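1. Here is a sequence with its predicted model. Questions after.
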Amino acid sequence: MYIYYWCAESSLINFLEAAKDVNVSEMERYVNDERYENEEVLRQNYLENLTANKLIDFKIVDETPLQKEDKYTFTTQLVFENGAVEQVPFDLVLKNEKWLVSIDFDSLTVDEYEILKEGEVEEDIGLRSDTLCSWNFWARAGGSTFYSNCTFSLNRFNPDLNLTVSKQTHNWSGRAAGVNYAVVRNNWYGDTVYGSRHVSGHITSRPSNFTLTVSDTNVSNLKVRFRTDQGFTSSMGYEGSGSLR
């Protein structure tokens, strides 16, 4: 068991040291991240997140015993350049005789994850708009997940956001359409989800409005995460456009 622990801990330390160095190619050697459709998208998102808020220190504060021989969980404390401190759990899985950090959409939906200290956020002094984020996507597969290009912050009292879906459809006749829209902080170590709304049906002729309620009304560095309903084919050609206010 000690050998398992030492090897898993070593892989995690190598992964986090590479994150401190903003060395994405080295991080890829030690991670199995299920959130991204391909390696190119993973590299792009990792680099964007690592440079936006640099990791400057980390320590392992706890570990859980092996529940089965191919999985181990460590709780870490991550310190960032903007002053933020977060308690982040990492699962290590044994895959092809190598310990890898395992990250998926639910990695941060556990009790062990906690924001211990909020970081300082630079005030946006640019032109302000009621629209937080807008999007226009096409040629997306059924059962795929992707993120908005826009990044936004919340600084408000009302937790209810207005989700406008102008278009939501696909080209596979006879199949229902559906997309889950979530407000998330897309971190390299997992997604923090602040609220979501699933919208069912084809929307093509006129925009539809929905309420998306968030759990925190003062938070920064957010994106919209899209998850199309699972289809029996990857070539469903999902198209969508809309905005969040």
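-> It's in.
2. Return stretch 223-241 as CSV; C-alpha atoms alone will do.
-> The C-alpha coordinates for stretch 223-241 follow below in CSV (Å, rounded to 0.1, in the frame of the first residue of the first chain):
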residue,chain,number,x,y,z
LYS,A,223,-17.9,31.0,-18.5
VAL,A,224,-21.0,29.4,-19.9
ARG,A,225,-20.6,25.6,-20.2
PHE,A,226,-22.8,23.8,-22.8
ARG,A,227,-23.6,20.1,-22.7
THR,A,228,-25.7,18.8,-25.6
ASP,A,229,-28.1,15.9,-24.9
GLN,A,230,-26.6,12.5,-25.5
GLY,A,231,-27.4,11.2,-29.0
PHE,A,232,-26.9,7.9,-30.7
THR,A,233,-24.7,9.6,-33.3
SER,A,234,-21.8,12.1,-33.0
SER,A,235,-22.8,13.9,-36.2
MET,A,236,-26.0,15.5,-35.0
GLY,A,237,-24.8,19.0,-36.0
TYR,A,238,-26.1,20.9,-33.0
GLU,A,239,-26.4,24.6,-33.6
GLY,A,240,-27.1,27.3,-31.0
SER,A,241,-27.1,31.0,-30.2
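3. List the buried residues of the longest helix anywhere in the chain.
-> For the chain, the helix with the greatest residue count under DSSP state H is helix 2-20. Across helix 2-20, burial judged by 16 or more other Cβ atoms under 10 Å covers 4, 7-9, 11-12, 14-16, 18-19. Placement of C-beta: from N, CA and C, glycine included.
4. Over to stretch 35-43?
-> Buried residues in stretch 35-43, counted by 16+ other Cβ under 10 Å: 35-36, 42.
5. Just checking the distance from that stretch to the centre of its chain.
-> Relative to its chain's centre, stretch 35-43 lies at 12 Å (Cα atoms, centre = their mean, to the nearest Å).
6. what does it contact?
-> For stretch 35-43, contacts defined as Cβ atoms under 8 Å, 6 or more residues apart in numbering pick out 24-25, 28, 33, 45, 103-105, 144-146, 191.
7. Pull out the buried residues from the residues you listed.
-> Here, 16+ other Cβ under 10 Å leaves 24, 28, 33, 45, 103, 105, 144-146, 191 buried among the contacts of stretch 35-43.
8. which one of the contacts of stretch 35-43 is nearest Ser134?
-> The nearest member of these to Ser134, counting by Cβ to Cβ, is Phe146 at 15.0 Å.
9. any idea how far the closest one is from Asn96?
-> Computed as Cβ to Cβ, to the nearest Å, the Phe146 to Asn96 distance reads 27 Å.
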